[in-house]
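[1] Predicted structure and sequence below. I'll ask about it afterward.
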Protein chains: 2
Amino acid sequence: MDNANAVKIFASLAQESRLGLFRLLVQAGPQGLAAGSIAEQMGLPSSTLSFHLKELVHAGVVQSRQSGRFIYYSADFATMNALLGFLTENCCGGQPQDCCPPLMQIQENKS
Amino acid sequence: MDNANAVKIFASLAQESRLGLFRLLVQAGPQGLAAGSIAEQMGLPSSTLSFHLKELVHAGVVQSRQSGRFIYYSADFATMNALLGFLTENCCGGQPQDCCPPLMQIQENKS
DNA sequence: TCCATATTTCCATTATTCTGGAAATATGGA
DNA sequence: TCCATATTTCCAGAATAATGGAAATATGGA
């Protein structure tokens, strides 16, 4: 994970429809949802949805998998975890205890 | 923390200079850095820096505090923690153990 | 093969964001 | 008060992103 990578991820989530979309997929869990089902739940035209899904996939926060005529999209939890680690790297110059206890749980978990 | 709020935060970090800026402040810790010192370290013109700092402050991920002729900027760790909680809300339909163990540390920490 | 349906690509329009020079505005020291 | 320095505001040009209709491309079933 580098700066450019992280920017791409943030940009992919910095849009109402895409963030809603991503949260829907986080809640759906690893099996994901078919594109059509997402379009219905989000009330988006298919071309608009396709555009946004592509953004999320390119950023690496969403994965796709084909199954028959449907394409299932699901959140990529590994990418999100990597992002959080990157964000908190060297937090507070290595003395993180005072500023961000919850974030620190991630640091501890990384090793 | 609602959707619009989170979008604003992501947008504030979805830009090379601003993400670098934010990470610099995360590493600097709670005391923060003066605007001029940031400009120097980032190699940005003052007007450009000021624009980006304002974006970060408006999004709530950075705080400012005046001290003499200097204005110190620091990361707002509470906002970041709230964002992480929002992102993982209802993760995997309430069965998060399988997909995102590190994220779950945050959920546990929230109560 | 032909058809119905799922999804994506193409494209032009519109909207938003980034950039940095120049001028304006604080602030504290002499 | 006057000055030097810190920071912000203003502005307009350049760059990037969002939108959705229409057409194209899968895919599997009959």
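    That came in fine, so what should we check first?
[2] Now do the strands in chain A.
    A:33-34, A:62-67, A:70-75 (DSSP state E).
[3] And those strands: which comes nearest A:R18?
    Between A:R18 and the strands of chain A, the shortest gap by C-beta to C-beta is with strand A:62-67, which sits at 9.2 Å. Bear in mind the C-beta positions are built from the backbone N, C-alpha and C, glycine included.
[4] Whether that closest one contacts chain B - can you check?
    No - Strand A:62-67 lies apart from chain B when judged by C-beta under 8 Å from any C-beta of the partner chain; the minimum separation is 11.9 Å.
[5] and the gap between the most centrally placed residue in chain A and DNA strand D?
    Chain A has A:V61 as the residue nearest its centroid, 3.5 Å off, counting by C-alpha atoms, centre = their mean. Distance, A:V61 to DNA strand D, using C-beta to the nearest atom of the strand, to the nearest Å: 14 Å.
[6] quick one, phi/psi of that residue?
    Dihedral pair for A:V61: phi -90, psi -10, per degrees, to the nearest 10.
[7] Who are the contact partners of it?
    Applying C-beta atoms under 8 Å, 6 or more residues apart in numbering or on different chains to A:V61 gives the contacts A:I9, A:S12, A:L13, A:F22, A:A75, A:D76, A:T79, A:M80.
[8] Show me what the fifth one bridges to in the sheet.
    So the one you mean is A:A75. Beta-bridge pairing for A:A75 (DSSP bridges): A:V62.
[9] That'll do, ta.
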